[in-house]
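Engineer: I need the structure of the sequence given here:
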Amino acid sequence: MRRNGLPPKQGLYDPGYEHDACGIGFVANIKGIKSHAIVKQALNVLCNLDHRGGQGSEQ
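Structural biologist: Numbering: from 1, shown residues only. You can find the predicted model right below:
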């Protein structure tokens, strides 16, 4: 680790591309099973990201 806390450049990783971000949300059932719980979790993610101003959902 370097002093700034980021690992050194190696392979496809370049610390020069690091920047602050509040993240994204992704909800899925790994087996492709549809459920109401997945929809509830996705809505919760959208509510938690409301402060970003740009949000959406894709099928």
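
Engineer: mind jotting down where the strands sit in this protein?
Structural biologist: With strands called from DSSP state E, the chain shows none.

Engineer: which regions of it sit below the pLDDT cut-off?
Structural biologist: Residue ranges of the chain with pLDDT under 70: 1-4, 20-23, 51-59.

Engineer: try 80 this time
Structural biologist: Low-confidence segments of the chain (pLDDT under 80): 1-4, 19-25, 48-59.

Engineer: what ranges does this protein have for its helices?
Structural biologist: Per DSSP state H, the chain carries helices over the ranges 36-48.

Engineer: how far away is the spatially most central residue of it from residue 48?
Structural biologist: Centroid-nearest residue in the chain: residue 24, 3.0 Å away (criterion: CA atoms, centre = their mean). Counting by CB to CB, to the nearest Å, the gap from residue 24 to residue 48 is 11 Å. Quick note: C-beta positions are derived from backbone N, CA and C, even for glycine.
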